[in-house]
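1. Got a sequence here, can you model it:
(chains A and B)
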Number of protein chains: 2
Amino acid sequence: MGISSEADHPYVPKDLKLPGFVPGFLSQSTILAVYGISSLLVVSFMWILSGRFRKISKVDRLLMCWWIFTGLTHIILEGYFAFSPEFYKEKTPHYLAEVWKEYSKGDSRYAGRDSGVVAVEGITAVVEGPACLLAVYAIATRKSYSHILQIAISLGQLYGAAVYFITALLEGDNFATNAFYYYAYYIMANIWWVIIPTTIVVRSWKKICDAFRAQEQKKTKTR
Amino acid sequence: MGISSEADHPYVPKDLKLPGFVPGFLSQSTILAVYGISSLLVVSFMWILSGRFRKISKVDRLLMCWWIFTGLTHIILEGYFAFSPEFYKEKTPHYLAEVWKEYSKGDSRYAGRDSGVVAVEGITAVVEGPACLLAVYAIATRKSYSHILQIAISLGQLYGAAVYFITALLEGDNFATNAFYYYAYYIMANIWWVIIPTTIVVRSWKKICDAFRAQEQKKTKTR
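-> Got it, this is the predicted structure:
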């Protein structure tokens, strides 16, 4: 790398120290295309598979697609990050290292190993990732814990997003290389994990309340 | 304060900078006695009050006591901390500032304003605190959302505890003045917010599954 007074990396703040940093090899469009096409394949596979189960509504099939997509994202992408403190030193075009070298342009706390970010990503990868796969199974087999599991994971995703955004604000909200990366990566890539979990919490919350009201009415009739 | 090479505060790590720090005025026993006696009064009041409601089981009355206690702790104690970045400069024996001056001996990240700690405490005070008071009301009036609300708050408390402990580990786990404060404050004062929420999640999870099973059986019979 050589000794230099300038930062040896493309991230902000410029005084972030990343000794041994190796620039990314893949272009932004390649990285996005691999993630986009893989996700599309996974979601298509789940949509077709879920159609073979009986009595599964279209909404539930869409939810199964969401849970497999977000679960694999948590386990593979975020799991790699949580346990790879030196990804920015990766000397080969390792796809998962490339993803985080690129994403760090939107939030350099990833390359900088901010403890709040690592804690949230660790919990997401280890606890929520596998729970998402369980949610796919729970919906397919109509388990009685299906809705409460979906709420539990969604609330975890929302809590993680809250810690993620609040800690950035408290630390000065200056971790993006420029406004494009701030909005495209930091905001747009994360906002879905606020919107979709909120929608799921509202839906499953209502279903749980309905189940208790039905149980209550049944008790009243029996008396 | 004067210029000194030694730390002007009792916290660890010694190189933590707290300009304008004013030592606590109240003794440890005074601080604990005020919290203990206030909590006992609140819990006794809730136990007696909940006895006047019909059809509320003893377990539900105990839960109402827990929710009022933890809710007021979140709103008053943690709410004060979240919005008082300069509590350690407090020049009078302000009880809430004293609490956090004392607790910082177990975890100096409070005085040091660690962003992970502030984010978790802010979410706990603003979102979970009021939700705990709603849980008291929901149990008393047997609302259909009672169990899902209790799970939602408990999972939030567990997620907060996970972020709290994991970030400390990632940052070197060296924030206690000595082993006594480490175990008495950092571990013992927090472990209840792991044990009790876990117990509540397990109980309410089962109740929700029971409600769905009852609904499913009803549908099957109707056919």
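2. What sits closest to A:Val22 if chain neighbours are left out?
-> A:Lys91 (5.3 Å; C-beta to C-beta, 6 or more residues apart in numbering or on different chains). Backbone N, C-alpha and C define where each C-beta goes, glycine included.
3. and stretch A:189-209 with chain B, contact?
-> Yes - contact of stretch A:189-209 with chain B (C-beta under 8 Å from any C-beta of the partner chain) involves A:205, A:208-209.
4. got a pLDDT number for the residue most central in space within chain A?
-> Nearest to the mean C-alpha position of chain A, by C-alpha atoms, centre = their mean, lies A:His74 at 5.2 Å. The model reports A:His74 with a pLDDT of 98.
5. hang on, the earlier thing: select from the residues of stretch A:189-209 next to chain B the one having the most neighbours.
-> A:Ile208 (21 neighbours; other C-beta atoms under 10 Å in any protein chain shown).
6. Does it lie in a helix or a strand, and which?
-> helix A:188-222 (DSSP states H and E).
7. how about that helix: buried residues?
-> For helix A:188-222, the neighbour count (16 or more other C-beta atoms under 10 Å in any protein chain shown) marks A:193, A:197, A:200-201, A:204-205, A:207-209, A:211-212, A:214-215 as buried.
8. hey, C-alpha coordinates of stretch A:122-132 in CSV?
-> Listed next in CSV are the C-alpha coordinates belonging to stretch A:122-132 (Å, rounded to 0.1, in the frame of the first residue of the first chain):
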residue,chain,number,x,y,z
GLY,A,122,-24.3,-10.9,14.0
ILE,A,123,-27.7,-11.2,15.6
THR,A,124,-29.4,-10.9,12.2
ALA,A,125,-27.2,-13.6,10.6
VAL,A,126,-27.2,-16.1,13.5
VAL,A,127,-30.7,-15.8,15.0
GLU,A,128,-32.9,-14.2,12.4
GLY,A,129,-31.5,-15.9,9.2
PRO,A,130,-32.3,-19.5,10.3
ALA,A,131,-35.6,-18.2,11.8
CYS,A,132,-36.6,-16.9,8.3
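9. Which residues does that stretch contact?
-> A:67-68, A:70-72, A:74-75, A:78-79, A:81-83, A:149, A:152-153, A:156-157, A:160, B:159, B:162-163, B:166 (C-beta atoms under 8 Å, 6 or more residues apart in numbering or on different chains).
10. for it, what is the average pLDDT?
-> pLDDT averaged over stretch A:122-132 gives 98.
11. Ok, stretch A:59-66 next?
-> Stretch A:59-66 comes out at a mean pLDDT of 98.
12. for stretch A:88-105, same thing?
-> 98.
13. which other residues reach that stretch?
-> Contacts of stretch A:88-105 (C-beta under 8 Å, 6+ apart): A:9-11, A:18, A:20-26, A:28, A:31, A:34-35, A:76-77, A:80-81, A:84, A:87, A:110-111, A:176-177, A:181, A:185, A:189.
14. first vs last residue of it, how far apart are they?
-> 12 Å (C-alpha to C-alpha, to the nearest Å).
15. try stretch A:68-77
-> 13 Å.
16. touching chain B at all, it?
-> No - for stretch A:68-77, no contact with chain B is found by C-beta under 8 Å from any C-beta; the gap never falls below 14.6 Å.
17. Point out where chain A drops to low pLDDT.
-> Applying pLDDT under 70 to chain A flags the ranges A:1-6, A:222-223.
18. Around chain B, pick out the residues from it.
-> Counting by C-beta under 8 Å from any C-beta, chain A sits next to chain B at A:115-116, A:118-120, A:122-123, A:144-148, A:151-152, A:155-156, A:159-160, A:162-163, A:166-167, A:170-171, A:205, A:208-216, A:218.
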